[in-house]
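Enquirer: Sequence plus predicted model, see below.
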Amino acid sequence: MTEITVIDTGISNIASVRNAFTRIGCRVITTNSPDKVLGANILVLPGVGAYEQGMNSLRKYALVEPIKQRVMKENIPILGICLGMQLLAEKSHEHGLHAGLGIVEGTVVGLKTNSADFRVPNIGWYDVISNKPCVMFKENDRSTIFYHVHSYYLECTDPDDVAAHIEFSGKRVTVAIERDNVFGMQFHPEKSQDDGLNLLSRIVDSMNN
């Protein structure tokens, strides 16, 4: 049974994420302990709310350096979900300029709309279009619907880091990233029914290989 360590900083719905991984057959540990993060083999970083609050929570529990050590130096897999994906970036412009974990080169910026057909925050089901064949999206997975709730998104410095996007108000908006041992998704797989569970299963299977 695959063991998943979910980082609990008190700013996300850990229960729904935990239940999703349990449903696909994983053993789930939730923690805000630096020692347990240093001992983890697979990390999941969920989160909702503001970027500054998210980083402050990681600092409060002294988790920034343990996460960076395990992921950037020791190359264990990490999956960031929603705000958790944004926190992997170098910085964010949400309500000021805030430094992130710096695991992925890029900047978190606000969604913009020039049409009444699009609203911020972007809430609801959206077609996610794959950018490349990868673990998260197979070559024939051109579009799958996932549930989103967000006002900001991650602009990657390297386009090759982008695994998938949505079309939002005439712009391609990144909603999934994948590079080596780093995975991220802006949408909520735990709220996206079978497609979300299947996506998590593919990621976990790849982490075991």
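Expert: Now that the structure is in, tell me what you want to look at. Numbers count the residues shown, from 1 in each chain.

Enquirer: Please enumerate the strands of the protein.
Expert: 3-7, 27-31, 43-45, 78-81, 91-92, 98-99, 106-110, 122-130, 143-150, 152-156, 162-168, 171-179, 182-185 (DSSP state E).

Enquirer: What does the residue of the chain positioned farthest from its centre show for phi and psi?
Expert: Residue farthest from the centre of the chain, counting by Cα atoms, centre = their mean, is residue 116 at 28.0 Å. Reported as degrees, to the nearest 10, the phi and psi values for residue 116 are phi -70, psi -10.

Enquirer: If we ignore the residues flanking it in sequence, what's nearest residue 2?
Expert: Spatial nearest neighbour of residue 2, chain neighbours left out: residue 26 (4.8 Å); criterion: Cβ to Cβ, 6 or more residues apart in numbering. (Each C-beta comes from the backbone N, C-alpha and C, glycine too.)

Enquirer: residues near the one you found, how many?
Expert: Residues near residue 26, counting by other Cβ atoms under 10 Å, number 20.

Enquirer: and it, what pLDDT?
Expert: On the pLDDT scale, residue 26 is placed at 96.

Enquirer: ok so, going back, export the strands of the chain to JSON lines and tack on distance to residue 65 and mean neighbour count?
Expert: Formatted as JSON lines, these follow (distance: least, Cβ to Cβ, whole Å; neighbours: other Cβ atoms under 10 Å):
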{"stretch": "strand 3-7", "distance to residue 65": "13", "mean neighbour count": "23"}
{"stretch": "strand 27-31", "distance to residue 65": "15", "mean neighbour count": "16"}
{"stretch": "strand 43-45", "distance to residue 65": "14", "mean neighbour count": "27"}
{"stretch": "strand 78-81", "distance to residue 65": "14", "mean neighbour count": "27"}
{"stretch": "strand 91-92", "distance to residue 65": "18", "mean neighbour count": "21"}
{"stretch": "strand 98-99", "distance to residue 65": "13", "mean neighbour count": "16"}
{"stretch": "strand 106-110", "distance to residue 65": "21", "mean neighbour count": "18"}
{"stretch": "strand 122-130", "distance to residue 65": "33", "mean neighbour count": "17"}
{"stretch": "strand 143-150", "distance to residue 65": "27", "mean neighbour count": "18"}
{"stretch": "strand 152-156", "distance to residue 65": "22", "mean neighbour count": "21"}
{"stretch": "strand 162-168", "distance to residue 65": "27", "mean neighbour count": "21"}
{"stretch": "strand 171-179", "distance to residue 65": "21", "mean neighbour count": "21"}
{"stretch": "strand 182-185", "distance to residue 65": "17", "mean neighbour count": "26"}
